[in-house]
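# Kindly generate the corresponding structure for this input.
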Amino acid sequence: PAPAPVLAPGPGLRILVVDDDPNVLGSLETILGLDGHEVTRADGGQAGIDAFCAAEQAGRGFAVVITDLGMPYVDGRKVAETVKRVAPATPVILLTGWGQRLIPDSGEAPVHVDQVLSKPPKLRELRVALARCAAPHDINPQDQT
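Below is the predicted model:
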């Protein structure tokens, strides 16, 4: 059978990408930008927290935060914790090179995290994760009939 079509989120999501690796930041910014999203880059955990809080205070919060797990000083868990404390409804996607070892036996994502993707993320997986995270915000219940 043919693979199921990928549900892609509509363009125009405001996305914060947090990673200490400039190559990952650049790649995600390019890919997400080509998909029509507005991307803000932060080159580390504290920079990500600062950018997130500043956007919230300005009334221009992010639809989704994508953060690396393993960063020096302030890691992705702390970024996710801060995001959920400041704006609990904001979805957080965690990128990790540690793969499934991060996820407990229950199969659930770590606390404060909505999705976990292996690093580097596959384009299809990233789009599916964004669609899942953005769905509550983008889908009009009348459109599902």
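# The strand or helix carrying Leu32 packs against which elements?
Per DSSP states H and E, Leu32 falls inside helix 22-34. Where contact means 3 or more C-beta pairs under 8 Å, 6 or more residues apart in numbering; DSSP states H and E, helix 22-34 is packed against strand 14-18, strand 38-42. Just so you know, the C-beta spots here come from the backbone N, C-alpha and C atoms, and that holds for glycine as well.
# hey, which of those strands is tucked in deepest?
Counting by mean count of other C-beta atoms under 10 Å, strand 14-18 has the highest mean neighbour count of the helices and strands packed on helix 22-34, with a mean of 24.
# Please save the CA atoms from that strand in CSV.
Presented in CSV, the C-alpha positions along strand 14-18 are these (Å, rounded to 0.1, in the frame of the first residue of the first chain):
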residue,chain,number,x,y,z
ARG,A,14,6.2,31.3,14.3
ILE,A,15,8.9,28.9,15.4
LEU,A,16,11.8,29.3,17.8
VAL,A,17,14.7,27.0,17.1
VAL,A,18,17.3,26.6,19.9
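# What segments of this protein are strands?
14-18, 38-42, 64-68, 92-96, 115-118 (DSSP state E).
# Nearest to Glu125 among those strands would be which one?
strand 115-118 (5.6 Å; C-beta to C-beta).
# Quick one: the helices in the chain, in order.
22-34, 45-57, 76-86, 123-138 (DSSP state H).
# So which bits of the longest one are buried?
For helix 123-138, burial by neighbour count (16 or more other C-beta atoms under 10 Å) applies to Leu126, Arg127, Val128, Ala129, Leu130, Ala131, Cys133, Ala134.
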